[in-house]
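**Student:** Okay, structure incoming, though there's no sequence with it:
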C-alpha cells in the first residue's frame with residue numbers, strides 16, 4: 001500500500017511539474033496576446049463611450065451618443081453598404097475560381113509547381129506597388145481592358161473614376177488578390193483526400209469526373225471550404241489598401257468602406273471616440289458573420 005501511495009504521489013508531482021512547464025512555455029504567447037489583442041480591444045470598447053479626440057487633454061463619457069450618431073450617419077451607412085457589396089462579389093467568386101484552379105492544377109502533374117507559383121504571386125506581391133499597374137489596366141482611354149472592350153464594340157467605363165463602376169473595379173482587384181490564396185488552401189485539401197475513396201467510387205459505378213467531384217471531392221473538401229469561406233469573408237470585410245491607394249473613398253463616397261471610414265474619423269478628423277464606436281460595430285459584424293457561417297455551414301461539413 002505504501003508503494004502504491006508513493007507511486008501516486010510521484011505521478012501527481014510529475015503532473016504538477018509538467019503543468020508549470022507548460023504555463024512557463026505558453027506565458028510569452030499569452031503575454032503578447034494580452035498586450036496586443038485583449039488590452040487594445042478593451043481600450044477600443046471603452047473609448048467608444050467617450051468623446052475623446054486626439055490633441056485634447058481631456059474627454060468625457062458620453063454613453064451611447066456615438067452609437068446613436070452612427071445610426072443617422074449617412075457616410076457610415078454608405079460605407080456599410082459598399083462593404084457588403086464588395087464582400088458579396090469577392091467572396092463567392094474568389095472561392096469558386098480558387099477551387100476551379102486548384103482542381104485543374106491537381107489534375108495535371110506537368111508544370112504543377114510553376115502554376116502554383118504563378119497563381120500565388122498576387123498574394124505575395126505588395127498591393128501598393130501593384131497600384132500603378134491596376135491604374136494603367138483600368139485607365140479609361142489607354143488601359144488594356146477598355147481597349148479590348150473597344151475591339152468588341154463595347155464602350156468601356158471609367159472603372160475607378162465613376163461612381164457606378166468603382167466598387168466593381170475594386171472587386172476585380174480583390175478577386176485577383178484572393179484567388180491564389182484560396183487555391184493553395186484547396187490544393188492542400190485535395191491532397192489530403194485518400195485516393196482509395198476514388199477507387200471505391202469507381203467500383204461502385206461512379207465514372208464521370210462530375211460525379212466523382214459531386215460524390216467524393218466536394219464532401220471531403222467540407223472542412224477546407226468552411227475555412228476558406230471564413231478567411232475570404234474576413235479579408236473582404238477588411239478591405240482597405242486598395243481603397244487607400246487607388247480611390248480614397250471616391251468618387252462621391254462610392255468606394256467608401258468601413259475600414260476607410262474608421263481611418264478617416266480616427267486619423268484625419270481625430271475623432272478617436274467616434275472611430276472606436278465604429279470599430280466596435282465592425283468587430284461585432286465580423287463576430288456575427290463567423291457565428292452564422294459556423295452555425296449553418298458546419299452542419300454540411302464532413303470531417304475525416
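**Tutor:** Okay, I see it. For clarity, every value in this text was computed on a predicted model and none was experimentally measured.
**Student:** so what's the residue nearest to the spatial centre of the chain up against?
**Tutor:** The C-alpha lying nearest the average C-alpha coordinate of the chain belongs to residue 235 (Cα atoms, centre = their mean; 1.9 Å). By Cβ atoms under 8 Å, 6 or more residues apart in numbering, residue 235 lies in contact with residue 178. The way it works is simple: take the backbone N, C-alpha and C, and place the C-beta from them, glycine included.
**Student:** hang on, it in a helix?
**Tutor:** Yes: the assignment for residue 235 (DSSP: H, G, I helix; E, B strand; the rest coil) places it in a helix.
**Student:** Listing request: residues of the stretch 1-150 of the chain with sub-threshold pLDDT.
**Tutor:** When the per-residue scores of the stretch 1-150 of the chain are filtered using pLDDT under 70, the ranges that remain are 1-12, 14.
**Student:** Likewise for the stretch 151-300 of the chain?
**Tutor:** Using pLDDT under 70, the stretch 151-300 of the chain drops low at 297-300.
**Student:** and residue 61, how many neighbours?
**Tutor:** By other Cβ atoms under 10 Å, 11 other residues sit near residue 61.
**Student:** How much space separates residue 80 from residue 148?
**Tutor:** Distance from residue 80 to residue 148, counting by Cβ to Cβ, to the nearest Å: 34 Å.
**Student:** Please say which of those two ends up with more neighbours.
**Tutor:** Ranked by neighbour count (other Cβ under 10 Å), residue 80 and residue 148 place residue 80 first, with 20 against 11.
**Student:** residue contacts, that one?
**Tutor:** Taking Cβ under 8 Å, 6+ apart, we find residue 80 in contact with residue 258.
**Student:** element containing it, please.
**Tutor:** With secondary structure defined by DSSP states H and E, residue 80 is part of helix 74-107.
**Student:** tell me what the very next helix or strand once past that helix is packed against?
**Tutor:** Helices and strands here follow DSSP H and E; after helix 74-107, the next one along the chain is helix 112-124. Helices and strands in packing contact with helix 112-124 are listed as helix 74-107, helix 166-191; criterion 3 or more Cβ pairs under 8 Å, 6 or more residues apart in numbering; DSSP states H and E.
**Student:** Pick the most deeply packed of the ones you listed.
**Tutor:** For those, the largest average neighbour count (mean count of other Cβ atoms under 10 Å) is found in helix 166-191, namely a mean of 21.
**Student:** before we move on, back to that, helix 112-124 and the helix holding residue 80, what's the angle between them?
**Tutor:** 170 degrees (axes from the mean of the first three to the mean of the last three Cα atoms, to 10 degrees).
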